[in-house]
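Visitor: Let's see this in three dimensions:
(2 chains)
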Amino acid sequence: MTDTPRDLDGGAAEERTLRLAKLDELRAQGIDPYPVRFDRDSLARELHAQYDDTIEAGAETDAVVRVAGRLLLIRRQGKLTFGTLRDGSGTVQLFVSQGVVGEDAFERFNTLDLGDWVGVEGRVMKTRKGELSIKVEQFALLAKALRPLPDKWHGLSDVDTRYRQRYVDLIANDDARRVFEIRFATVRAVRAFLEARGYIEVETPVLHPIPGGAAARPFETHHLALDVDLYLRIAPELYLKRLIVAGFERVFEIARVFRNEGLSTRHNTEFTMLELYEAYADYHDMMALTEEMVADAARHAIGTTSVEWDGHHLELAPPWQRRTLLDLVKEHAGVDVHPSQPVEQLRKVCDDLGVPYEPTWGPGKLILEIYEKTTEANIVGPTFVCDYPREVSPLARPHRDDPTLTERFELIVGGREIANAFSELNDPVDQLRRFEAQARLKQLGDVEAHGVDDDYVRALEYGLPPTGGMGMGMDRLVMLLAGVTSIREVILFPHLRPEVT
RNA sequence: GGGCCGCUAGCUCAACUGGCAGAGCAUCGGACUUUUAAUCCGCAGGUUCAGGGUUCGAGUCCCUGGCGGCCCA
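Guide: So this is what the prediction gives:
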């Protein structure tokens, strides 16, 4: 008797017991239900490409092929059984006739269960109805499935189970597979786009002694041997700019970053950020690069630059709107604000608009808050929102025409931030002052404020050339292209509370 | 953190105002050599998320907790 594996959830106990018994039966017959290998020579998609248009309904070829995959459907019809086999490329029908395989093998085929992995060998044919099929001559069970698949028509829709057991979601739901194919194609396209422009892909540390490059709460950890506290990175920015100091002129990293914040449809604890830096570029160059890159990714991942998302029709083909933040606030909130205005005046604007604020906030932070509460969600875009206040942009260069602002943009699409970019601040003295201003905020209790990174300032003292940089939430880009509004739909294994057993 | 909604068979879903917990698919048994969500006949399958309460009687009402979804902060 087979030892029963531990059953996590007690689901489908009866069926599981039956299938475990089949394992014993197979082994008793000298058949290994988990054989070491099967050599296949064809993929489902290749067979359709080669034969769909070249053979007629009812015809049979001499081509003997070997395919393998998961058995998704079985249609038993007396002495003839049809099966639907899916491999990594697509599906193909199996045609299993008792007259061809013999009584014993036919009986054995009929003990297979939905979900089993099987390998078959047979001739390519088409049924009378014109369905391309493999007329099976030999077959082997490659791996026994002990648990039943979800409903063959409705699939799996319970979101909790879909996220916790993503492997089942991906087996059962074509739409889930489609979303992740878009994700993989998007990442591939972005890499190819940047490499074609002379960017090199680099890897920088995940464990940071000083968390930096973004305003966020980090995860803390501890290095035992060195007895030092470390933080999981919240952004790769400061390391990537060190590489521009070092003389690499165009670098990018597709970086997993970690933020110790609440979970929502827009936030996952760990997510993927693209960051890129280019010497001799400014934020105008970054706008051009960003719009071209996103349009290119869209074409490669979904074949079009027109997307429907969260009730909006979005056109991603360049050029995109370029607007200043102050201008947009004037348009949406009806107020004329500027960081040169006294704090009291800006607080009054907040009061009038019903925007709450903290006493520690300066003019720049007040303006950013007004923008975020009244304007951002209403921008359909894609729009480059330009020229953020200096106070809230500690890593961006002062604006060439107005030193109270910075040369920074955020890309807003469908009311949500997708990317953030600057002409990078490369004046080490100014950078130190900005870090110190952040440190004061941290002392006042702002857990998201930037710390002082002395080594980064030292790197700037060696000279960072004029540089443009951009960071983009890859998960959010994929959401846009896939037409989904929850970040959990684009992350293979999203964070959930631990399963209770 | 707050509000609203959900959790019923392996899966997808029903169950009126509190009154015998059901269907389809999957499974199991049977028929069937051109089906393709095959079809037809039959059987079986339940800690109604957990615990407590109200009631003659709770899937349903109340309380606490768990997990999830949506919205807000």
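Visitor: Let me see the contact set for A:Ser97.
Guide: Counting by C-beta atoms under 8 Å, 6 or more residues apart in numbering, A:Ser97 makes contact with A:Lys79, A:Leu80, A:Phe106, A:Lys135, A:Val136. For glycine as for every other residue, the C-beta is placed from the backbone atoms N, C-alpha and C.
Visitor: Where does the prediction get shaky in the stretch 251-400 of chain A?
Guide: Along the stretch 251-400 of chain A, no part satisfies pLDDT under 70.
Visitor: Quick one: buried ones out of the contacts of A:Ser97?
Guide: Buried subset of these (neighbour count, 16 or more other C-beta atoms under 10 Å): A:Phe106, A:Lys135, A:Val136.
Visitor: What residue, apart from its backbone neighbours, is nearest the last one spatially?
Guide: Think A:Val136. Sequence neighbours aside, A:Gly122 is the residue nearest to A:Val136 in space, at 4.2 Å (criterion: C-beta to C-beta, 6 or more residues apart in numbering).
Visitor: Bridged to that neighbour, which residues?
Guide: A:Val65, A:Val136 (DSSP bridges).
Visitor: Report how many residues lie close to it.
Guide: Look at A:Gly122: counted by other C-beta atoms under 10 Å, it has 22 neighbours.
Visitor: can you tell me how far it sits from RNA strand B?
Guide: When distance is defined by C-beta to the nearest atom of the strand, to the nearest Å, A:Gly122 is 13 Å away from RNA strand B.
Visitor: so what's that residue up against?
Guide: Counting by C-beta under 8 Å, 6+ apart, A:Gly122 touches A:Val64, A:Val65, A:Leu94, A:Phe95, A:Val100, A:Ile134, A:Lys135, A:Val136, A:Glu137, A:Gln138.
Visitor: and of these, the nearest to RNA strand B?
Guide: Taking C-beta to the nearest atom of the strand as the measure, RNA strand B lies nearest A:Phe95 of those, at 6.9 Å.
Visitor: helix, strand or coil for the closest one?
Guide: strand (DSSP: H, G, I helix; E, B strand; the rest coil).
Visitor: same thing with A:Val67?
Guide: strand.
Visitor: Reformat the contacts of A:Ser97 as a markdown table; add pLDDT and distance to RNA strand B.
Guide: Shown next, in a markdown table, are these (pLDDT from 0 to 100; distance: C-beta to the nearest atom of the strand, whole Å):
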| residue | pLDDT | distance to RNA strand B |
| --- | --- | --- |
| A:Lys79 | 94 | 3 |
| A:Leu80 | 95 | 3 |
| A:Phe106 | 95 | 8 |
| A:Lys135 | 97 | 8 |
| A:Val136 | 97 | 12 |
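Visitor: what about stretch A:220-235, start to end distance?
Guide: 14 Å (C-alpha to C-alpha, to the nearest Å).
Visitor: Can you mark which positions in that stretch are buried?
Guide: A:Leu230, A:Tyr231, A:Leu232, A:Arg233, A:Ile234, A:Ala235.
Visitor: wait, which of these is closest to A:Leu20?
Guide: Using C-beta to C-beta, A:Leu232 comes nearest to A:Leu20 of the buried residues of stretch A:220-235, at 41.7 Å.
Visitor: and the closest one, what are its bridge partners?
Guide: With DSSP bridges applied, A:Leu232 shows beta-bridge pairing to A:Leu207.
Visitor: ok, it touching A:Thr221?
Guide: Yes: the criterion here is C-beta atoms under 8 Å, and A:Leu232 meets it with A:Thr221 at 6.7 Å.
Visitor: Need the residues touching each of those two.
Guide: What both A:Leu232 and A:Thr221 touch, as defined by C-beta under 8 Å, 6+ apart, is the set A:Leu207.
Visitor: can you give me the end-to-end distance of stretch A:36-53?
Guide: 36 Å.
Visitor: Please say whether there is contact between it and RNA strand B.
Guide: No: using C-beta under 7 Å from any atom of the strand, stretch A:36-53 stays clear of RNA strand B, coming no nearer than 12.4 Å.
Visitor: can you pull the buried residues of that stretch?
Guide: Of the residues in stretch A:36-53, those buried (16+ other C-beta under 10 Å) are A:Phe38, A:Arg40, A:Ser42, A:Leu43, A:Ala44, A:Glu46, A:Leu47, A:Gln50, A:Tyr51.
Visitor: A:Ser264 - how many residues pack around it?
Guide: 10.
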